[in-house]
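Engineer: coords below, sequence missing:
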């Protein structure tokens, strides 16, 4: 038997990130008080260099490596690149928050870089165990991040809930994986996919395993009825941590879903389609309807996330390459919008004032017309009103279900987006039509202001010219 | 060389980019008003350029522009106009100039934002009329809600928040079904071009579903009874400019949508369901006419009168099937559709003028209650002259544009069914009743109170604005041929489309 040398270059960005994470850990441990600034600088550097490494390898031949447990393909390149780029903004926004809250510590950056590494592994994993390891690496970092504000009761409670439910979800996922392993005798996604093409499998047992996988994924994404943790965690966690949880981990969870369901268990499509329809319809309904009742902006955005997850599932349940591309587009767009919206909360807040109540935004357009306009763009985009990019995301996933003749589900989706429009409109109403109750100047530093404006304008610009990003998503799945 | 010049894009993007420019100039900028006026006048001139270059002999799309936009879905930046879109585009460009003039002194609060909202909206609405790609159409169709939502919500009356959210959700609710219909048609036709949509054959069941999707989207916009309830609220709370644009353009988008989508794409379903639309239209004409009679708020009265007048538009579009059934020649069908189109254009000018008249009064008295007025003619004689003229036009006085459209539709309705014509003709009585009664109570009589006694007559700005509208109303009323000529080929083409079964 030949000993094959694994192609290390496929995992070069991850290796670099791992090395840098260790460096940041050491810096944090030994530099004392100055450490946080170094840690911040180094983690930004890590994100940028990793992004460049990934970008340079785009278009190069990809393939499996490490005995088929790891893959580099167009899908992984695009998602990993987006994760790194978005995390640059995430780190930038959260640093402002951490500095003003006495949370500016090196540990946050260590956790952030490790979590990013976990996400990248999730995106590139082609083996159930690798996938699971990536997921746990990411999740454990996120749990600890939420718990970082030790003296806050709400944050600790949120971290506890997140940890317990997250662990339960991981358990479910692992159980599902073990059942699939029990039937097919493999944990390798490529092998499982080939094996399942043959007929004669026991459908009942396969579906049994599938159910647990879908539950596990549903938990991680926050789809109804596995969404209970999401509003509490979003609400309870310090906004910087909410920002982190709400953006790139969703992309990673989406990648995990594509790897498991579409690429591994693609032949069981008719089995998981029904399950995803349930999750998707329930998520859209519960997310949008319950969001109406919220007075806390972070909680409202949490429910809005649940409804967005419902829309992301629409594309996947269609089971077509076009549908997967639509979902991927939606997931990326969602992450950008969510980044902007939570970034805006951080921008408005300062020490002792979290700016997380909807009423805190009263009369924002008179106090600060520019950021009110940015928030308006983000809210209309989330509501799916053109010309913002959120519309094209909804358009593409709804198109994918119309194309497979599931018109009834498309009708539910559009009805729910009308209901959803209400609470985004209410946010705009508060900003534009109400009189301001207090006048606070925005304290954020210039880099955050510029990034956040660019973030919101990108939502508009992508809406005017959505073609290139949609084309990228389509190429990935062609 | 001139033929390749992207005139339509210029007309769409000049006001949008100009509007953004005005917005970025910041508030309290003294240049905001003149700059907005300049942009809107230039746009109007460019739109008139369309009229000059327009070839009236063909129904083919003209000034066509095509560029790939979202290549992975084969969605194109595809523009073009025919005889239906051209008059509406000119109407839009003209109304915006009027709105800018109307807001000149009145809007003191966030002036730049106000002007910018209307300029951006102008570009978006013209784009709605010019878009030939379904998704492009939908994008503009929805996007124009955003500025209107803000205009009503920021500069509106006391109950503006309720009105604007109701307006937004109502129209959004209608339009999401349009989106589904457009996506379904893409699934069938394999392209997003509206012209391709018009070619595909569909079963009656498919057509019926599509027809109802179109109907709900556009009926809300028109608005047809019983989905009209957002309109009186929106009109009452909107600032004058907002009311003008709502009445003059937004409602027309509903009628235009029926012409562009429902009739040519689902002709068999339209024929099968024509009694339904005709009944709703007649209810709008008769019942809403009575409702208008009892209004105590000036703007509400005009809003209800708009709904009744738009009933003629939908009536004119949908009686064509009955006319075909009655006579083979179908000359009455041309009359019906052209009458409905003229009614749309004419209503655009008259309703705009009526809302401006109310605006003139409101700026001075800060009330819209009819009971608060009386004897305005004594203090504002010039204004009273205009107000009476527009009221007469609204009531359909021969010689004004209001008469032409209604008369053509009623005449055509006789060829379909006597009772349709009979019910439609009640508008001549009802319209005269509610309009003239309002005139009597507001304009004529003794000076009612001290406030009225202190009124000052219209200034030059208001005079120019009302006089230009009066001139147009009179010209169309006396000589409507330029408009019918422009749309004639398109109407003929539409009628061949609807008379051919797609089954």
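Structural biologist: Noted; the coordinates are in hand. The structure displayed is predicted, hence computed values, not measured ones.
Engineer: residue B:225 should be in a strand, yeah?
Structural biologist: No - read with DSSP: H, G, I helix; E, B strand; the rest coil, residue B:225 is coil and lies in no strand.
Engineer: OK, contacts around it?
Structural biologist: Residues in contact with residue B:225 (C-beta atoms under 8 Å, 6 or more residues apart in numbering or on different chains) are B:280, B:283, B:284, B:287, B:288, B:307, B:311. The C-beta positions use only the backbone N, C-alpha and C, and glycine is treated the same way.
Engineer: now it, nearest residue through space, not along the chain?
Structural biologist: residue B:284 (4.4 Å; C-beta to C-beta, 6 or more residues apart in numbering or on different chains).
Engineer: mind telling me what element the one you found is part of?
Structural biologist: helix B:274-293 (DSSP states H and E).
Engineer: mind listing the helices for the stretch 201-350 of chain B?
Structural biologist: B:204-221, B:230-237, B:240-245, B:251-257, B:263-265, B:267-272, B:274-293, B:298-318, B:320-326, B:331-365 (DSSP state H, counting those that start in this stretch).
Engineer: name the helices or strands packed onto the shortest one?
Structural biologist: Going back to what we said before, that points to helix B:263-265. Using 3 or more C-beta pairs under 8 Å, 6 or more residues apart in numbering or on different chains; DSSP states H and E, the elements in contact with helix B:263-265 are helix B:204-221, helix B:481-499.
Engineer: quick one: which of these has the weakest pLDDT on average?
Structural biologist: The minimum mean pLDDT among the helices and strands packed on helix B:263-265 belongs to helix B:481-499 (a mean of 86).
Engineer: show me which residues of chain A sit near chain B.
Structural biologist: Taking C-beta under 8 Å from any C-beta of the partner chain as the contact definition, chain A meets chain B at A:325, A:369, A:380, A:385-387, A:391-392, A:395-396, A:398-399, A:402-403, A:407, A:410-411, A:414-415, A:417-418, A:421-422, A:425-426, A:428-429, A:432-433, A:465-467, A:470-471, A:473-474.
Engineer: just give the nearest non-adjacent residue to residue 283, would you?
Structural biologist: Just going to use chain A. Residue A:283 sits nearest to residue A:310 (C-beta to C-beta, 6+ apart), 3.1 Å away.
Engineer: switch to chain B, that's the one I care about
Structural biologist: In space, residue B:283 is closest to residue B:225, 4.9 Å off (C-beta to C-beta, 6+ apart).
Engineer: what do you get for residue B:250?
Structural biologist: Per C-beta to C-beta, 6+ apart, closest to residue B:250 is residue B:221, 6.5 Å.
Engineer: quick check: that neighbour touching residue B:170?
Structural biologist: No - with contact defined as C-beta atoms under 8 Å, residue B:221 does not reach residue B:170; the gap is 9.5 Å.
Engineer: quick one, helices of the stretch 51-200 of chain A?
Structural biologist: Counting by DSSP H, counting those that start in this stretch, the helices of the stretch 51-200 of chain A are A:74-100, A:106-124, A:128-146, A:153-184, A:189-197.
Engineer: residues of the fourth one that come out buried?
Structural biologist: The one in question is helix A:153-184. In terms of neighbour count (16 or more other C-beta atoms under 10 Å in any protein chain shown), helix A:153-184 has its buried residues at A:155-163, A:165-166, A:169-170, A:172-177, A:179-181, A:183-184.
Engineer: run the angle between it and helix A:189-197 for me.
Structural biologist: 50 degrees (axes from the mean of the first three to the mean of the last three C-alpha atoms, to 10 degrees).
Engineer: can you name every helix or strand that helix A:153-184 contacts?
Structural biologist: For helix A:153-184, the helices and strands in contact under the criterion 3+ C-beta pairs under 8 Å, 6+ apart are helix A:128-146, helix A:189-197, helix A:203-221, helix A:229-236.
Engineer: switch these over to TSV; also include mean neighbour count and mean pLDDT.
Structural biologist: Formatted as TSV, those follow (neighbours: other C-beta atoms under 10 Å in any protein chain shown; pLDDT from 0 to 100):
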stretch	mean neighbour count	mean pLDDT
helix A:128-146	22	93
helix A:189-197	17	89
helix A:203-221	21	90
helix A:229-236	24	91
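Engineer: could you dump these into a markdown table and include distance to residue B:500?
Structural biologist: Output for those, formatted as a markdown table (distance: least, C-beta to C-beta, whole Å):
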| stretch | distance to residue B:500 |
| --- | --- |
| helix A:128-146 | 57 |
| helix A:189-197 | 48 |
| helix A:203-221 | 50 |
| helix A:229-236 | 54 |
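Engineer: minimum distance to residue B:179: which of those has it?
Structural biologist: Ranking the helices and strands packed on helix A:153-184 by proximity to residue B:179 (C-beta to C-beta) places helix A:203-221 first, at 25.2 Å.
Engineer: tell me how far the closest one lies from the chain's centre.
Structural biologist: From the chain centre to the centre of helix A:203-221 is a distance of 20 Å (C-alpha atoms, centre = their mean, to the nearest Å).
Engineer: tilt between that helix and helix A:229-236?
Structural biologist: Here the directions of helix A:203-221 and helix A:229-236 differ by 10 degrees (the same axes, to 10 degrees).
Engineer: name the helices or strands packed onto helix A:203-221?
Structural biologist: With 3+ C-beta pairs under 8 Å, 6+ apart as the test, helix A:203-221 has helix A:153-184, helix A:248-257, helix A:269-292, helix A:297-317 packed against it.
Engineer: separation between the nearest residue in space to residue B:495 that is not next to it in sequence and residue A:229?
Structural biologist: Distances taken as C-beta to C-beta, 6+ apart place residue B:333 nearest to residue B:495, at 5.3 Å, with adjacent residues excluded. Distance of residue B:333 to residue A:229, computed by C-beta to C-beta, to the nearest Å: 63 Å.
Engineer: residue A:149 too?
Structural biologist: Separation of residue A:149 from residue A:229 (C-beta to C-beta): 18 Å.
Engineer: re earlier: which of the helices and strands packed on helix B:263-265 is buried the deepest?
Structural biologist: Most buried of the helices and strands packed on helix B:263-265, by mean neighbour count (mean count of other C-beta atoms under 10 Å in any protein chain shown): helix B:204-221, with a mean of 22.
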